[in-house]
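**Q** I would like the atomic coordinates for the input below:
(one chain, ligands or ions: 1)
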Amino acid sequence: MKNARELAIEILIDSQQGSYSNLALNKYLTQDIPAIDRAFVTELVYGVLKYRMKLDYIISQFSKIELSKMSWPVLNTLRIGIYQLMFLDKVPVFAAVNESVNLAKKMENPGAARFVNAVLRNIVRNKNVITYPDPVRHPQEFLSIYYSFPKWMVERWIKLYGFDFTRDLCEAFNQKPRVCIRINTLKTNKEKLKSTLESEGVKVIPGVMFEEAFYIEDIPQLKQLKSFHDGLFQPQDESSMIAARALGVRSGDMVLDVAAAPGGKTTHIAQIMANKGSITAWDIHPHRVELIKETCRRLGTTIVDAQVRDSRLKDKDMHNKFDKVLVDAPCSGLGVIRRKPDIKWSKKPEDISVLTTEQQRILEVCSQYVKLNGILVYSTCSIEPEENQQIVEAFLENNGNFVYDDMRPYLPEKLAMELKEPYGWIQLYPNIHKVDGFFVARLKRVGK
Ligand SMILES: C[S@@+](CC[C@H](N)C(=O)[O-])C[C@H]1O[C@@H](n2cnc3c(N)ncnc32)[C@H](O)[C@@H]1O
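**A** Numbering: from 1, shown residues only. Below is the predicted model:
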């Protein structure tokens, strides 16, 4: 049987070949693997993905062989070895080094093992004197390497927000996010869910923004909890709960959710509506529409009609049909790097302009489906103005029949106070709000 470190290396190689790390983890971490090993593999994989650039920088300082000449097993053995040495106090130095050397011998050959041994021992001797680019003379290089972000992201953020904000943002993106869940009020309530979770050995902490949010700790894997399968809660960050709240739905409304899979916001909307009314939920990918159906089944939501649909395509039959429309647009996901560190390396600067064309189109087309005096909410899990404020501003410029609508009544008081006139949008950042990066705008259709 493969040990935890070997599994981590295989998952990292898979992800280097294009697999999503969360899917690769699910594939490799079968239930027969002890929980402690599963947790260690997850820590190593996410740790290396998060700090890949910094780890490679350190390797290149201590290796005579160029990174591009190393085999993937050797490179990833060094990465997990250094990650343990630099970031995991609980792993003894001898274990981090010896286990890496054994793996290099097993996966490659004795020569590779000698090389890994030499590089790691050199790092152990010198880890306190590693030099990084000078933050004053080379601020972009420093932030990029020290916090391990591609240079283009750091450059973009420094231009937008300045050095200090970007440093705090990078630091926040590297922190482990807390597990946040939404209480499914269709099946339970705060007190009951708290005691159910506690009886399952889970520590429960109240949400910061919303009554329906809990942070949970000491959990094995969410899917191992009976309360999860019983549909008593849905994993969801508090920032993304703002979207359904900002829609201001009521029982009996006709709602359209145009990019809905896996159904996190759809089911949130349904619970605010007390499962009365109707929600049409679209997604472009058939397998993802199945996820919406599965989420609805588990959470006991019965008012959702989930359909495969490309929201960019105009449909006259849908015009003026819905009281509320949510456009939770496909986006770069740059706001959720805490949860998906692979985004650091999978996204490219040119992706943003491709996405903005799509976002503009979906918003333009689906706005037509809102009734007169109806509400249109646009949201993304991005912190990039091109995907957020700029999309909405351009939309309002081209569509005089829509205006910003005051979002403050739908927000927790502390957040509502942050809004500026015309009070129609909010941008959340992990370094400021301690949640995922998220954008929400609320618009009203005031003319035909
Ligand atoms: C940000 S995710 C949605 C998350 C979802 N609203 C939730 O809360 O669980 C974006 C979704 O948009 C879908 N998508 C991308 N392009 C689309 C399009 N043209 N039409 C409909 N759905 C699309 C993707 O498949 C993806 O599931």
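**Q** Pull up the residues of this structure that are close to the ligand.
**A** With CB under 6 Å from any ligand atom as the criterion, the chain meets the ligand at residues 259-265, 282-285, 288, 310-312, 328, 330, 362. Placement of C-beta: from N, CA and C, glycine included.
**Q** Pull out the buried residues from these.
**A** Buried by 16 or more other CB atoms under 10 Å: 259-265, 282-284, 288, 311, 328, 330, 362, out of these.
**Q** Of those, which belong to helices?
**A** In this view, those that belong to helices under DSSP state H are 264-265, 288, 362.
**Q** With pLDDT and distance to residue 272 added, can I get these in CSV?
**A** Output for these, formatted as CSV (pLDDT from 0 to 100; distance: CB to CB, whole Å):
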residue, pLDDT, distance to residue 272
264, 98, 13
265, 98, 10
288, 97, 23
362, 98, 23
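**Q** SS state for residue 180?
**A** Taken by DSSP: H, G, I helix; E, B strand; the rest coil, the conformation at residue 180 corresponds to strand.
**Q** Settle this for me: it is touching residue 235, isn't it.
**A** Yes. Contact status for residue 180 versus residue 235: in contact at 7.1 Å, counting by CB atoms under 8 Å.
**Q** Which of these two has more residues huddled nearby?
**A** residue 180 (24 against 13; other CB atoms under 10 Å).
**Q** Distance of that one relative to residue 236?
**A** Residue 180 is 6 Å from residue 236, where distance means CB to CB, to the nearest Å.
**Q** cool, residue 432 as well?
**A** Separation of residue 432 from residue 236 (CB to CB): 20 Å.
**Q** just residue 409 next, same as before
**A** On the measure of CB to CB, residue 409 and residue 236 end up 21 Å apart.
**Q** neighbour-wise, which of the two wins?
**A** Taking other CB under 10 Å, residue 409 and residue 236 do not tie; residue 236 has more neighbours (20 against 12).
**Q** which non-adjacent residue is nearest that one?
**A** Nearest non-adjacent residue to residue 236, counting by CB to CB, 6 or more residues apart in numbering: residue 182, 4.5 Å away.
**Q** where along this protein do the strands fall?
**A** Here the chain has its strands, by DSSP state E, at 179-183, 203-206, 213-217, 233-235, 254-257, 278-283, 304-308, 322-328, 370-380, 402-404, 425-428, 438-445.
**Q** so can I have CSV of the ones you listed showing mean pLDDT?
**A** As requested, the strands of the chain are arranged in CSV below (pLDDT from 0 to 100):
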stretch, mean pLDDT
strand 179-183, 97
strand 203-206, 96
strand 213-217, 96
strand 233-235, 98
strand 254-257, 98
strand 278-283, 98
strand 304-308, 98
strand 322-328, 98
strand 370-380, 98
strand 402-404, 98
strand 425-428, 98
strand 438-445, 98
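**Q** and residue 1, which of those strands is closest to it?
**A** Set against residue 1 and scored by CB to CB, the strands of the chain come closest in strand 179-183, at 28.6 Å.
**Q** Can you give me the domain assignment for the protein?
**A** Under the assignment automatic domain parsing, the domains of the chain span 4-129, 139-173, 179-235, 238-445.
**Q** Let me see the mean pLDDT of the shortest one.
**A** Just to be clear, that refers to domain 139-173. The pLDDT scores in domain 139-173 average 98.
**Q** tell me which residues of it are tucked away?
**A** Taking 16+ other CB under 10 Å as the criterion, domain 139-173 shows 139-150, 153-158, 161, 163, 166-167, 169-170, 172-173 as buried.
**Q** Kindly give the local confidence score, pLDDT, for residue 34.
**A** Listed pLDDT for residue 34 reads 88.
**Q** Please apply the same query to residue 330.
**A** Taking residue 330 on its own, its pLDDT is 98.
**Q** what's next to stretch 197-210, contact-wise?
**A** Stretch 197-210 is contacted from outside by 180, 182, 193-194, 213-219, 225-227, 238-239, 241-242, 245, 412, 414-415, 434-435, using CB atoms under 8 Å, 6 or more residues apart in numbering.
**Q** how does it look with 7 Å?
**A** Applying CB atoms under 7 Å, 6 or more residues apart in numbering, the set of residues contacting stretch 197-210 from outside is 194, 213-219, 225-227, 238, 241, 412, 415.
**Q** swap in stretch 142-150?
**A** Residues outside stretch 142-150 that contact it (CB under 7 Å, 6+ apart) are 50-54, 57, 132-135, 151, 154, 166-167, 170-171, 174, 344-345.
**Q** So in the chain, where's the weakest helix or strand by average pLDDT?
**A** Least confident element among the helices and strands of the chain, by mean pLDDT, DSSP states H and E: helix 21-28 (a mean of 87).
**Q** list the helices and strands that one packs on?
**A** On a contact count with 3 or more CB pairs under 7 Å, 6 or more residues apart in numbering; DSSP states H and E, helix 21-28 meets helix 4-16, helix 35-62.
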